[in-house]
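In: model the following, please.
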Amino acid sequence: MTTIVAVQYKDKVVIGADSLVTSSRKFNHPKMIKISERNNYLIAGAGEVAACDIAQHIWEPPTPTVNDKKDLYHFMIATVIPSLKKAFKDNDYKWEKDGDEETKFAFLISLEGEVFDISDDFAVCLDSAGFYGVGSGSSLAIGALRTGASLEDALKIAADIDPYTAAPFIFHEQLKKKKAAPKTV
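Out: Residues are numbered from 1 along each chain as shown. Alright, predicted model coming up:
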């Protein structure tokens, strides 16, 4: 019950989110954030508050080595996801679904200026169009982005239609790290 969208550009990622948190009721407080900065990561979470709290406030994301940075997609699958699962286990969060249960959580995680869509089955996905979204209003915002709306306007459109999305909107930008040019001798 939220709207978080990200746009992947050639040189950066920009993530925008609404500020309404819903659980048993609606909450709006500046300490309840949907996008957090942790080390070299931007972590944006939607879904169960417990999962978002662990990922955004307790989990210590792994730092990629120079070699890991050559293939961040592989690093996310092989290192980041097992680390996140361990944090959930260590904090007694049960992520397995029972039957037809709804989505428990979804994250947009940016590392080194590249965004990754993480679902509650821990699948890591990429979108060649560069539009990502999680939460109840995300499909509305992505549709607006695809028609040429700005990120802010896309969130406003989602808020106009989705009752679980509301301003103010928060934006974070993460630049891609430039790879060092090879030295010549």
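In: check the secondary structure at residue 6 for me.
Out: Secondary structure assignment for residue 6 (DSSP: H, G, I helix; E, B strand; the rest coil): strand.
In: pairing partners for it in the sheet, please.
Out: residue 15, residue 132 (DSSP bridges).
In: kindly check the end-to-end length of stretch 49-66 for me.
Out: The straight-line separation of the ends of stretch 49-66 (CA to CA, to the nearest Å) is 33 Å.
In: what does stretch 124-142 give?
Out: 19 Å.
In: mind jotting down where the strands sit in the chain?
Out: Along the chain, counting by DSSP state E, strands occupy 4-8, 12-17, 21-22, 26-27, 35-38, 41-47, 105-111, 114-119, 124-125, 131-134, 170-175.
In: mean pLDDT lowest where, among these?
Out: Of all these, the minimum mean pLDDT falls on strand 26-27 (a mean of 59).
In: which residue is nearest the middle of this structure?
Out: In the chain, the centroid-proximal residue (CA atoms, centre = their mean) is residue 108; its distance is 1.7 Å.
In: separation between that residue and residue 36?
Out: Distance of residue 108 to residue 36, computed by CB to CB, to the nearest Å: 12 Å. Quick note: C-beta positions are derived from backbone N, CA and C, even for glycine.
In: what is in contact with the two at once?
Out: By CB atoms under 8 Å, 6 or more residues apart in numbering, residue 108 and residue 36 have these common neighbours: 42, 43, 44.
In: which one of those has the most neighbours?
Out: Sorting the shared contacts of residue 108 and residue 36 by how many neighbours each has (other CB atoms under 10 Å) puts residue 44 first, at 31 neighbours.
In: surely that residue and residue 105 touch.
Out: No. The pair residue 44 / residue 105 is not scored as a contact, 11.1 Å apart, by CB atoms under 8 Å.
In: now render the shared contacts of residue 108 and residue 36 as a markdown table, adding distance to residue 153.
Out: Formatted as a markdown table, those follow (distance: CB to CB, whole Å):
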| residue | distance to residue 153 |
| --- | --- |
| 42 | 21 |
| 43 | 24 |
| 44 | 19 |
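In: quick one: end-to-end length of stretch 47-61, please.
Out: The first and final residues of stretch 47-61 sit 20 Å from each other (CA to CA).
In: how about it: buried residues?
Out: 47, 48, 50, 51, 52, 54, 55, 56, 59, 61 (16 or more other CB atoms under 10 Å).
In: so where is this protein shaky, pLDDT-wise?
Out: Low-confidence segments of the chain, defined by pLDDT under 70: 22-32, 99-101, 178-185.
In: picking up where we left off before, so which of the strands of the chain gets nearest residue 155?
Out: strand 12-17 (5.4 Å; CB to CB).
In: that closest one to strand 170-175, inter-axis angle?
Out: Using axes from the mean of the first three to the mean of the last three CA atoms, to 10 degrees, the inter-axis angle of strand 12-17 relative to strand 170-175 is 170 degrees.
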